[in-house]
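Asker: Predicted structure and sequence below. I'll ask about it afterward.
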Amino acid sequence: MNISGEVFESLFRKEFNSDPVLIHSPGRVNLIGEHTDYNDGFVLPAAINKRIILAMAPNSLGKIRMFAADMEEKRYETALQTEFKKSGLHWPDYILGVSEHLQKKGYSIDGFDLVFGGDIPIGAGLSSSAALEGGVVFGLAELFGLELNRTEMAKIGQLAENHFVGVQCGIMDQFANLHGQEGSVIKLDCRSLEFEHYPFDRDDLRILLFDTKVRRELASSEYNIRRRQCEEGVSILKEFDPSIKNLRDVSDDLLENHKEKLSEVVYNRCRYVLDENKRVLDACTYLQQGDFKRFGKLMYGSHYGLRDLYEVSCRELDILVDATESLDAVLGARMMGGGFGGCTINLVLEEEVGSVVESVKAYYKEKLGKTVEHHVAKIAQGVSVLETA
């Protein structure tokens, strides 16, 4: 469907016969910094130009009325409450969860109407859920004059997903959705939530995503195993430095001096996390210098670490990265997200996007006998009010 403010303004008027506020809410990518968030490390995400548009208005009816423009079961309605029951449709739960947790934090809202839809591919790891949460919390702040800053909004979105929807995500997705700026990426400290924007302003570069369409149940169980392995490493290394709280606090020297105390697997997990945190910090330096070639090499390094030390890649992801290694137009490539499927993220010269897509798809077909989907994205503005003519 046409993803424009005018379209959603018209849909809203047809559905609810009133004039809405329009909200732009983007998806996100993570350029580098994977599996570092729960180790109190650093990540480097950005908002992108795939988005959800939300049209919202108060209704004075004490009800939440929703219309999802691109879902099969489009409508859902419930009385405004301080505690909601799950909808049974899944998509309304993000909206209900935000509404519930805003009220639990002491913010007062009234009934409202909502129409939304967008072009963020569902299930591709671009955080359509965080886009919906961020758009709703931002929109409700606009409608009802709530005094929240963007970090507080991100925390509300995370609470909704953790405690209402039931997905134990970190805060990166919601944070990038709300703090994104056109032409820059966000270095986020996952311990303190301090953040800085770094320039990513090469108009001749595009972010190219290849989606394996592989969704493996293994991902959630293996994710928990990786967390435990990191915690095991911390508990052993604390014997040599009691001030250590997380892998963020472990130095290279401490890890290497006591590696014989760790199993090979636990050492590898710790080694990867320390390396990846350093890659994020180095990546920020290269962005300040405008050195995108060295930035891209760090992306490849991230993938090799995820493949060999953290062991969360899979054959499909490895083949997609392998396919780019001989292509001069690809500056960097790696798996993105939790692993065992999903997408690779690639940094590609804009004028060569077509030839890169053709080459990678042919390589993937030759190796696996399967096709792969792709999406082209550009770094964009975070959640904002959308003005129409």
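Answerer: Now that the structure is in, tell me what you want to look at. Numbering: from 1, shown residues only.

Asker: Pull up the gap between residue 237 and residue 215, please.
Answerer: If you measure residue 237 against residue 215 using CB to CB, to the nearest Å, the figure is 35 Å. To be clear about C-beta, it is placed using only N, CA and C from the backbone, and glycine gets the same treatment.

Asker: Likewise for residue 247?
Answerer: 28 Å.

Asker: Model confidence for residue 213, exactly?
Answerer: For residue 213, the model assigns a pLDDT of 87.

Asker: re earlier: what about residue 247 and residue 215, which has more around it?
Answerer: With neighbours defined as other CB atoms under 10 Å, residue 247 and residue 215 compare such that residue 247 has more, 25 against 12.

Asker: can you map out the strands along the chain?
Answerer: Listed in chain order, the strands of the chain (DSSP state E) span 21-32, 42-58, 63-68, 75-79, 112-118, 184-189, 195-199, 205-211, 330-336, 343-349, 373-377, 384-385.

Asker: and the direction of the fifth one versus that of strand 42-58, what angle?
Answerer: Okay, so that is strand 112-118. For strand 112-118 against strand 42-58, the angle between stretch directions is 130 degrees (axes from the mean of the first three to the mean of the last three CA atoms, to 10 degrees).

Asker: can you list contacts of strand 112-118?
Answerer: Strand 112-118 has contacts (CB atoms under 8 Å, 6 or more residues apart in numbering) with 1, 3, 8, 11-12, 15-16, 18, 20, 25, 50-59, 64-70, 95, 128, 131-132, 135-136, 139-140, 143.

Asker: Please apply the same query to stretch 351-359.
Answerer: Stretch 351-359 has contacts (CB under 8 Å, 6+ apart) with 204, 206, 208, 323-324, 327, 329-330, 346, 348, 374, 376.

Asker: Distance to residue 120, pLDDT and neighbour count added to those residues, as a markdown table?
Answerer: Formatted as a markdown table, the contacts of stretch 351-359 follow (distance: CB to CB, whole Å; pLDDT from 0 to 100; neighbours: other CB atoms under 10 Å):
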| residue | distance to residue 120 | pLDDT | neighbour count |
| --- | --- | --- | --- |
| 204 | 24 | 95 | 10 |
| 206 | 17 | 96 | 19 |
| 208 | 16 | 97 | 26 |
| 323 | 25 | 98 | 24 |
| 324 | 24 | 98 | 26 |
| 327 | 27 | 98 | 18 |
| 329 | 26 | 98 | 18 |
| 330 | 24 | 98 | 23 |
| 346 | 18 | 98 | 30 |
| 348 | 20 | 98 | 26 |
| 374 | 15 | 96 | 17 |
| 376 | 13 | 95 | 17 |
